[in-house]
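Peer 1: Sequence first, predicted model second:
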Amino acid sequence: MVVPKPGVAAEYAVTMSGIYRFTNNAWTKVSDNTGVGPIVADPTNTNILYRGDHPGCAIGGEPIAFQKSTDGGKTWVTLPGGENHRPRIVNPANPSIIYGDSCGLSISRDAGNTWELIQPLPSFDVSSLALAGNKLFGVYTSEGGTSRLIVSDLSDPAQITGDTQLLEFWGGGTVTASGSHVMVGEPHGVHISNDGGQTWKFSRSGLEEVTVSVDALTQPIPQEEISTGFGIFAAAIHPSQPDHLEAGSIRGLYRSQDNGQTWTLVPEVDKTRVRDLAFASNGAQLYVTNDDGVFVINNPS
């Protein structure tokens, strides 16, 4: 699902059979899904879309084209200078600036035509990015499995500076941010900050079935937990009720109504891996992407 910016409805859905756009209260197919990689929309002009990806960082592979559409996904053009770059966020204050990754953080300042590779942590790949005001939060993961949460200063949106490490943990992670509220999901549980990353609280109360019981940087993971699987792969903060959090896990969706102190399983969603979460329409809808498809929960509470 593509939600162009917080507060608005989902506008695009990408499936194996094609790209669909929601107009006049109905989903209409606009083109076949022939490209590679995730799609992001320009929040100031949702007819403009970008898509691309990069080969595996450790093993490499064939080059992957970077594409742009200016007619809502009906037609696409290839931008050669974007080859092997995965777009993640279009800056709403200056939509010619796109943040992405290519086995490291990358930035385009000219709407995807050219890119610069920036590596706040050499040999660490980008697992997740989130933009909140003039802060860019990123989870960067090494080949050995160590992840770090880094916040970068975007006082000048075209320059990524002032990289500061906020957290370190084992395994991949996901980050989301809304205003001063930041949420990080990782194999051991969830980290919450209400002051832009200055201070943090950790919780796994209610998440014991889908997270590991130890800090894997300092202790071995119990074999039974390795066998059953674990992980938090998606996170979302309600746009107007920041105490309301959603966490997508290896086995279902979990919800917190108390700023992450406790979590409960959401019964409307099957207990399969949740890959993506997105609030839309000012929180009136929650889009959940899991191994079975895309589901919408109306008025999630």
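Peer 2: Done, it's in. Not measured: the values here are computed from a predicted model. Residues are numbered from 1 along each chain as shown.
Peer 1: how far away is residue 105 from residue 283?
Peer 2: Residue 105 sits 29 Å away from residue 283, taking CB to CB, to the nearest Å as the criterion. Heads up, the C-betas are built off the backbone N, CA and C, glycines and all.
Peer 1: Neighbour count for those two, which is higher?
Peer 2: The neighbour count for residue 105 versus residue 283, taken as other CB atoms under 10 Å, is higher for residue 105 (26 against 19).
Peer 1: and the gap between that one and residue 301?
Peer 2: 36 Å.
Peer 1: Going by contacts, tell me the helices and strands next to the helix or strand containing residue 277.
Peer 2: Taking DSSP states H and E as the definition, one finds residue 277 inside strand 274-280. Judged by 3 or more CB pairs under 8 Å, 6 or more residues apart in numbering; DSSP states H and E, the packing partners of strand 274-280 are strand 232-237, strand 245-249, strand 252-256, strand 285-290.
Peer 1: For stretch 50-58, measure first residue to last.
Peer 2: Distance across stretch 50-58, first residue to last, is 25 Å (CA to CA, to the nearest Å).
Peer 1: for stretch 246-262, same thing?
Peer 2: 11 Å.
Peer 1: Check stretch 120-129 too.
Peer 2: Span of stretch 120-129 from end to end, CA to CA: 13 Å.
Peer 1: Got the domain ranges for this structure?
Peer 2: 1-118, 119-301 (automatic domain parsing).
Peer 1: would you turn those into CSV with mean pLDDT?
Peer 2: As requested, these are arranged in CSV below (pLDDT from 0 to 100):
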stretch, mean pLDDT
domain 1-118, 92
domain 119-301, 95
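Peer 1: quick one: contacts for the closest residue to residue 12 other than its chain neighbours?
Peer 2: Spatially, and ignoring its direct neighbours in sequence, residue 12 is nearest to residue 2 (3.8 Å; CB to CB, 6 or more residues apart in numbering). Contact analysis of residue 2 by CB atoms under 8 Å, 6 or more residues apart in numbering lists 10, 11, 12, 13, 14, 39, 40, 41, 49.
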